[in-house]
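A.B. asks: Mind looking at a prediction? Sequence and model below.
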Amino acid sequence: MLRSAFEVLSSTWRGVAFARQISETIKGLDTGNSAFYHHFFISRTTCQCSFDRKNSQLAASSSSESSLHLPLTFSSFNYYHGSFLLSHGYASTAPHFKTRSSALEAVAAGLVDPSSRILTHFKKNIDRRQLTARIMRRRNLIEVRDMIRLYINKLDTLHIAALLTKLQWLMKRVDTSSSAQEMNTAKECIQLLVPIMQRSIERMEGSRFQHVYRPDSAAACLWALAKLPPEILNLVPTAVLDGILGRAIFSANTLHDSAPRTMSLLLWSISKLSSSNKPLGSTSDGNTPTPASAAPLFPGISMPARDKAVSAVLSMTLSPQRMAPYLKQCSPAVLAQFSISLSSLGRMSDTIAQALSGEVIMRLNNLAYKPFKAADFVGIAKGFAAAGKKDVTVPLLAAIAAHLAEDEGVSAAEAMLTGAWKPEHLSHLMAAYADAGVRHDGLVQAVMVAAKVKLALFHPWALQQLRDSSKILGHKESIS
């Protein structure tokens, strides 16, 4: 009777109706406490059903190498077996499901625990790059959290970097002061990721696979963490930050991987995350600065780890023997990031300052190199102004002002009226010239003209910064 019932079902199944028929058939059978098994065919995949009346659970497992276990009750069996298995590609010979949302919907619906073996097949056969792409397609913080729960045992540094990058990107678009739910969800994401990062660091201690913690992934992790609000950054222990940084430096030395962008990101992240006893101050990327008195403290990178990492990065990149050829490989954005990071860390030596300044001036007069953008000019000016080396800073800023005053026949005023120059760029550039004490009447006039045109786009803090800087530089006209 059992065999004939299953033979009928296996030959006439159609979608969800098949799952419902199996469920109803099993309900009507008196099997006692023992389990029964019968093989039936779905396309070219052989599945095995078992029913245990005592536990009221139905489990299906594939006869292929990677088995799928479904510890489901009858109430959810129809949904999963019909929608999850048959509609999402399990009937084909492909080793993974063809949709990206079904598993997340299962977790979000609360029908199954994320740690359940129901998703073993789904998690086991996904490619690393496919998982990264799925992470970057998440649209809100809840989906990011569900991705972490779903793939909690499969995440490596590449995926952690993608998750943190997506998290900070979403947090920039959330008003944290008025949205407690988003802030709590973001904190939950970090609380889930911290143990994963800790385990990945411990797993590589003393292992010959330490190079798996690639420097570019580690730099991306630290960069994304540095971009997060202090309230969330508080949840990341110093040991985790030190461990990620240590693995990045070790793998960079082991793999001889000192790519300019990776090293500049590492230095910038170290400069932002090493304030273990200082609150966050104003930002240099155009974001609204946080008042020093109101910003909460955060653990940050320890001082020994910071000093060791900075020395290692400089020895790999800007040592006297490597400095000149290394700077030739750097893009304008990397040169700007080096300037800001080294001045913030107090490691802008005379030799490095002269080499950086000479490289920038040479590129300004050579059209063969990639042109500088507004953010690059601002970063270089702010970095050298903060370094306090007058003998190098004054001629460099004068060369930048002269270049902006007549850039390929376009005046500075005309260039700054375009969308390439944001209001934050104008205010930061004026602040850098005011801090360095370098006055160029043509540049100041061009900035003020552009500021009047874009007045409605200024943030209050940027407008006040521009007013203060213009007074220091002797500009008498007011902005209103």
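C.D. replies: Here it is on my side, so go on.
A.B. asks: Hmm, Gln465 is touching Leu429, no?
C.D. replies: No - counting by Cβ atoms under 8 Å, Gln465 stays clear of Leu429, with 10.5 Å between them. To be clear about C-beta, it is placed using only N, CA and C from the backbone, and glycine gets the same treatment.
A.B. asks: Compare the two (neighbour count), which wins?
C.D. replies: Between Gln465 and Leu429, Leu429 has the larger neighbour count (other Cβ atoms under 10 Å), namely 26 against 21.
A.B. asks: Doesn't the more buried one belong to a strand?
C.D. replies: No - counting by DSSP: H, G, I helix; E, B strand; the rest coil, Leu429 is not part of a strand but helix.
A.B. asks: wait, what's in contact with the residue nearest to it when sequence neighbours are not counted?
C.D. replies: Nearest non-adjacent residue to Leu429, counting by Cβ to Cβ, 6 or more residues apart in numbering: Val378, 5.2 Å away. For Val378, the contacting residues are Ser284, Ala336, His425, His428, Leu429, Ala432, by Cβ atoms under 8 Å, 6 or more residues apart in numbering.
A.B. asks: Could you check which helix or strand contains the second one?
C.D. replies: Taking DSSP states H and E as the criterion, Ala336 maps to helix 332-345.
A.B. asks: Who are the packing partners of that helix?
C.D. replies: On a contact count with 3 or more Cβ pairs under 8 Å, 6 or more residues apart in numbering; DSSP states H and E, helix 332-345 meets helix 260-273, helix 350-364, helix 374-387.
A.B. asks: so what pLDDT did Leu335 get?
C.D. replies: pLDDT recorded at Leu335 is 95.
A.B. asks: Look up how far Ala324 lies from it.
C.D. replies: Distance, Leu335 to Ala324, using Cβ to Cβ, to the nearest Å: 13 Å.
A.B. asks: out of these two, which sits in the more crowded spot?
C.D. replies: Remark: of Leu335 and Ala324, Leu335 carries more neighbours, 21 against 12, as counted by other Cβ under 10 Å.
A.B. asks: isn't the more buried one right up against Asp376?
C.D. replies: Yes - counting by Cβ under 8 Å, Leu335 does reach Asp376; the two are 7.1 Å apart.
A.B. asks: Name the SS class of the nearest residue to Ser331 once chain neighbours are set aside, please.
C.D. replies: Distance criterion Cβ to Cβ, 6+ apart; nearest residue to Ser331, sequence neighbours excluded, is Lys370 at 6.2 Å. Judged by three-state DSSP, the three-state class of Lys370 is coil.
A.B. asks: phi, psi of Lys370?
C.D. replies: Backbone geometry at Lys370, expressed as degrees, to the nearest 10, gives phi -60, psi 130.
A.B. asks: Give me the neighbour count for it.
C.D. replies: Counted with other Cβ under 10 Å, Lys370 comes out at 10.
A.B. asks: Please determine how far it is located from Arg137.
C.D. replies: 31 Å.
A.B. asks: Next: Ala462.
C.D. replies: 33 Å.
A.B. asks: what about the strands in this protein?
C.D. replies: 36-42, 45-52, 57-62, 406-407, 410-411 (DSSP state E).
A.B. asks: ok, of those strands, where does mean pLDDT dip lowest?
C.D. replies: strand 36-42 (a mean of 31).
A.B. asks: so what's the closest residue to Glu188 other than its chain neighbours up against?
C.D. replies: Leaving aside its sequence neighbours, Glu188 sits nearest to Arg145 (Cβ to Cβ, 6+ apart; 5.7 Å). Each residue near Arg145 by Cβ under 8 Å, 6+ apart is listed here: Thr185, Glu188, Cys189, Leu192.
A.B. asks: cutoff 10 Å now
C.D. replies: By Cβ atoms under 10 Å, 6 or more residues apart in numbering, the contact set of Arg145 is Val107, Ala108, Arg138, Leu163, Leu167, Thr185, Ala186, Glu188, Cys189, Gln191, Leu192, Leu193.
A.B. asks: State the distance from it to Lys166.
C.D. replies: 11 Å.
A.B. asks: Overlap of the contact sets of those two?
C.D. replies: Joint contacts of Arg145 and Lys166 (Cβ under 10 Å, 6+ apart) are Arg138, Cys189.
A.B. asks: Please list the residues outside stretch 310-319 that contact it.
C.D. replies: So stretch 310-319 is in contact with 215, 245-246, 248-250, 252-253, 256-260, 262-264, 266-267, 270-271, 274, 321-324, 326-327, 329-330, 338, 341-342, 345-347, 349, 351-352, 355-356, going by Cβ under 10 Å, 6+ apart.
A.B. asks: Buried members of these into ChimeraX, please.
C.D. replies: Here is the ChimeraX command that selects the buried residues among the contacts of stretch 310-319 (16 or more other Cβ atoms under 10 Å):
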select :215,245,246,248,249,250,252,257,258,260,262,263,264,266,267,270,271,274,323,326,327,330,338,341,342,345,347,352,355,356
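A.B. asks: State the number of residues packed around the nearest residue to Ala402 once chain neighbours are set aside.
C.D. replies: Closest residue to Ala402 apart from its sequence neighbours, by Cβ to Cβ, 6+ apart: His440 at 7.6 Å. His440 has 19 neighbours, counted by other Cβ under 10 Å.
A.B. asks: Verify the contact between Gly383 and Arg347 for me.
C.D. replies: No - between Gly383 and Arg347 there is no contact under Cβ atoms under 10 Å: 11.5 Å.
A.B. asks: Common neighbours of the two, please.
C.D. replies: Ser341.
A.B. asks: sorry, back to before: sort out which one of the contacts of Val378 lies nearest Asn234 for me.
C.D. replies: The shortest gap between Asn234 and any of those belongs to Ser284, at 21.9 Å (Cβ to Cβ).
A.B. asks: what's around Gln168, how many residues?
C.D. replies: Gln168: 18 surrounding residues under other Cβ under 10 Å.
A.B. asks: so for stretch 131-151, what's the average pLDDT?
C.D. replies: pLDDT averaged over stretch 131-151 gives 83.
A.B. asks: Kindly export it (C-alpha atoms) in CSV.
C.D. replies: What follows is stretch 131-151, C-alpha atoms only, in CSV (Å, rounded to 0.1, in the frame of the first residue of the first chain):
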residue,chain,number,x,y,z
LEU,A,131,27.8,35.6,-2.2
THR,A,132,29.6,38.9,-2.4
ALA,A,133,27.3,40.0,-5.2
ARG,A,134,24.2,39.0,-3.2
ILE,A,135,25.5,41.0,-0.2
MET,A,136,25.9,44.1,-2.3
ARG,A,137,22.4,43.8,-3.7
ARG,A,138,20.8,44.2,-0.2
ARG,A,139,18.5,47.2,0.0
ASN,A,140,18.1,47.8,3.7
LEU,A,141,19.7,47.0,7.1
ILE,A,142,17.2,44.2,7.8
GLU,A,143,18.3,42.3,4.7
VAL,A,144,22.0,42.8,5.6
ARG,A,145,21.3,41.4,9.0
ASP,A,146,19.5,38.4,7.5
MET,A,147,22.4,37.7,5.2
ILE,A,148,24.7,37.6,8.1
ARG,A,149,22.4,35.2,9.9
LEU,A,150,22.0,33.0,6.9
TYR,A,151,25.7,32.6,6.0
